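Chemist: 3D, please:
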Amino acid sequence: MNIGDVADLSGLPAKTIRYYEDIGLVEPLRSTNGYRSFRQSDVHKLAFLGRARALGFTIGDCRSLLKLYADTDRASAEDKQIAEEHLDRIDRKITELTEMRATLSHLVDACAGDHPPDCPILADLAMYEKSPSATKAAI
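Modeler: Numbers count the residues shown, from 1 in each chain. Have a look, this model is predicted:
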């Protein structure tokens, strides 16, 4: 199969498939003229990667999960550990986003939105105060 067919079947853009090839997550066959030739197993692997990335797993996590998936003699403990660590990252991000939303909601409610330029939103953004949550939010 060519990259266009694989993109259609896997649901991933050709650019993403080429990137995954560049970083070694998939290794399609190459014909003598250099064209990629994907197998059904490559399509399956790419769909796996697409689903894992949609769930927010990092490239490193995806690499580990693919190795685990290929190892039929493994126990599922490592799979679970990777997923639990990712779930912890999601929970931390939800907490950060909830805090950001509360702050922004308060600022929006405090701004009159009328003609005078006095606005607590801009006043708050202009404050120079290094807080851990502000630094995290900016990252």
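
Chemist: Dihedrals phi and psi, Arg30?
Modeler: phi -120, psi 130 (degrees, to the nearest 10).

Chemist: Let the chain start at 27 from now.
Modeler: Sure, I'll start counting at 27 from here, so that last one is Arg56.

Chemist: what secondary structure does the residue most central in space within the chain sit in?
Modeler: Centroid check for the chain by C-alpha atoms, centre = their mean gives Gly82 as the closest residue, at 3.9 Å. Secondary structure state of Gly82, per DSSP: H, G, I helix; E, B strand; the rest coil, is coil.

Chemist: wait, it sits on Leu113?
Modeler: No. Gly82 lies out of contact with Leu113 (C-beta atoms under 8 Å); the separation is 9.7 Å. Bear in mind the C-beta positions are built from the backbone N, C-alpha and C, glycine included.

Chemist: Tell me which other helices or strands the longest helix along the chain touches.
Modeler: Counting by DSSP state H, the longest helix found in the chain is helix 103-136. Applying 3 or more C-beta pairs under 8 Å, 6 or more residues apart in numbering; DSSP states H and E, we find helix 103-136 packed against helix 85-96, helix 146-152, helix 158-164.
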